[in-house]
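A.B. asks: no sequence for this one, just the structure:
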């Protein structure tokens, strides 16, 4: 019995030494798995000898030690910490609602003042003369692509190149990253539902506010013409704000949908060739079947993923296309309808022959930030295939951009070519 215990201790020390050299989970490399004296794999030895506790800090587990053992903890990038109370999210939503109410009351108070009308007209004139909308969209599109280089392509840019773009984090609108830790919301299904549906709830809230405001005006105003003009103005602004909102959130929400498919693979048993694949966003979800684990939780995510894939990566660009087709005749005839004016964010910066350029640009961004994740779903961020394909896409788009020259202003075209050249 003593000889058997000594042999087992020697084997455990050998497993620990081997893993410390070539498979320590702290540095994120693969854990080498070997058959032991009794035929156990490393994972089984870990369970019986608490080897995981020797590799990861207390309270951490998983291939990269980024999963937390306690159900109410989440990994903040450095360590496992307690999830904030649900009251924090309620307070945040209350603050946002209060700020929106204050802005609305302030707007109602000054909208009829003469100085506000002059200031508003001057700001609009400056924005049009400098084509600020086109430049804003070009810079935002550039940021939306380089913001995913680390997660999607495994590329890290120098701080001196990215620091000047930190102000654009406000327009990234990744709610799960900006407001509340995603892993504290609940299961992966709940996080997927929240991440994919919140823009629609915001749009519905905006619509409800417009209806409420129109109802209040109708009850207080005796002039039917005044009420009708106010209602039309509110509807037009709601359409414009909704278009801008979906333009800004499309890449980030699409990535949040793909978190249900983005896995990472690690070595498990060298002798039998087993590998263990886990979901990056939730290491407790197994992406493949193995000797001692199942991927049932991952399979249950598939219907949600494909439903939201169609909702965001198919329907939203298609809605842009249909909207532009609807207003194309009005824009080309320079006879502006209400819908054409409300959707001017999509077409105002382009020549009439290229009114659909924002649809093409949206497809390009989805290819570079989201659809590229279909390439080598488990190891793509550590290999060159994604980078090669992204370079081809960016190069082809840059050539088409230079030949088509869709922008009205040459300086917008030069800025767009420069941004895409940097991506290439």
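C.D. replies: Received it, and whenever you're ready, just let me know what you need. Here the structure is a predicted model, which means the values were calculated and not measured.

A.B. asks: can you pull the buried residues of whichever helix in the chain runs longest?
C.D. replies: Across the chain, the helix with the greatest residue count (assigned by DSSP state H) is helix 224-258. Across helix 224-258, burial judged by 16 or more other CB atoms under 10 Å covers 227, 230-231, 234-235, 238-243, 246-258. The C-beta positions use only the backbone N, C-alpha and C, and glycine is treated the same way.

A.B. asks: following that helix, which helix or strand shows up next?
C.D. replies: strand 263-269 (DSSP states H and E).

A.B. asks: What average pLDDT does that following strand get?
C.D. replies: When pLDDT is averaged over strand 263-269, the result is 75.

A.B. asks: what's the answer for stretch 156-171, then?
C.D. replies: Stretch 156-171 carries an average pLDDT of 64.

A.B. asks: One more: stretch 90-103?
C.D. replies: For stretch 90-103, mean pLDDT rounds to 72.

A.B. asks: any idea how far that stretch is from the chain center?
C.D. replies: Averaging C-alpha positions (CA atoms, centre = their mean, to the nearest Å) puts stretch 90-103 23 Å from its chain's average.

A.B. asks: ok, now stretch 57-66?
C.D. replies: Counting by CA atoms, centre = their mean, stretch 57-66 is centred 25 Å from the centre of its parent chain.

A.B. asks: now swap in stretch 130-140 and tell me
C.D. replies: On the basis of CA atoms, centre = their mean, stretch 130-140 sits 21 Å off its chain's mean C-alpha point.

A.B. asks: Now do that stretch: everything it contacts.
C.D. replies: 126-127, 165, 168, 171, 247-248, 345, 348-349, 358, 407-409, 411-412, 415-416, 419 (CB atoms under 8 Å, 6 or more residues apart in numbering).

A.B. asks: repeat that for 10 Å
C.D. replies: For stretch 130-140, the external contacting residues (CB atoms under 10 Å, 6 or more residues apart in numbering) are 123, 126-127, 165, 167-168, 171-172, 244, 247-248, 251, 344-346, 348-350, 358, 361, 365, 407-409, 411-413, 415-420.

A.B. asks: Inside helices: which ones of those?
C.D. replies: Of these, the ones assigned to helices by DSSP H are 123, 126-127, 244, 247-248, 251, 344-346, 358, 361, 365, 411-413, 415-420.

A.B. asks: For PyMOL, write the select line for the buried members of those.
C.D. replies: Typed into PyMOL, the next command selects the buried ones out of those (criterion: 16+ other CB under 10 Å):
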select buried, resi 247+248+251+344+345+346+358+361+365+412+413+415+416+417+419+420
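
A.B. asks: how close does residue 326 get to residue 319?
C.D. replies: Noted for residue 326: a distance of 10 Å to residue 319, by CB to CB, to the nearest Å.

A.B. asks: Helices of the stretch 251-400 of the chain, residue ranges please.
C.D. replies: Ranges of helices in the stretch 251-400 of the chain, per DSSP state H, counting those that start in this stretch, are 296-309, 316-332, 338-342, 344-347, 357-369, 385-404.

A.B. asks: Just send the ones you listed back as JSON lines, with distance to residue 276 and mean pLDDT too.
C.D. replies: Shown next, in JSON lines, are the helices of the stretch 251-400 of the chain (distance: least, CB to CB, whole Å; pLDDT from 0 to 100):
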{"stretch": "helix 296-309", "distance to residue 276": "12", "mean pLDDT": "91"}
{"stretch": "helix 316-332", "distance to residue 276": "35", "mean pLDDT": "92"}
{"stretch": "helix 338-342", "distance to residue 276": "51", "mean pLDDT": "89"}
{"stretch": "helix 344-347", "distance to residue 276": "45", "mean pLDDT": "91"}
{"stretch": "helix 357-369", "distance to residue 276": "27", "mean pLDDT": "93"}
{"stretch": "helix 385-404", "distance to residue 276": "22", "mean pLDDT": "91"}
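
A.B. asks: Give the burial count for the spatially closest residue to residue 302 that is not a sequence neighbour, as a bare number.
C.D. replies: Spatial nearest neighbour of residue 302, excluding adjacent residues (CB to CB, 6 or more residues apart in numbering): residue 260 at 7.9 Å. Residues within reach of residue 260, counting by other CB atoms under 10 Å, total 26.

A.B. asks: next one: phi and psi at residue 260?
C.D. replies: Per-residue torsions, residue 260: phi -80, psi -10 (degrees, to the nearest 10).
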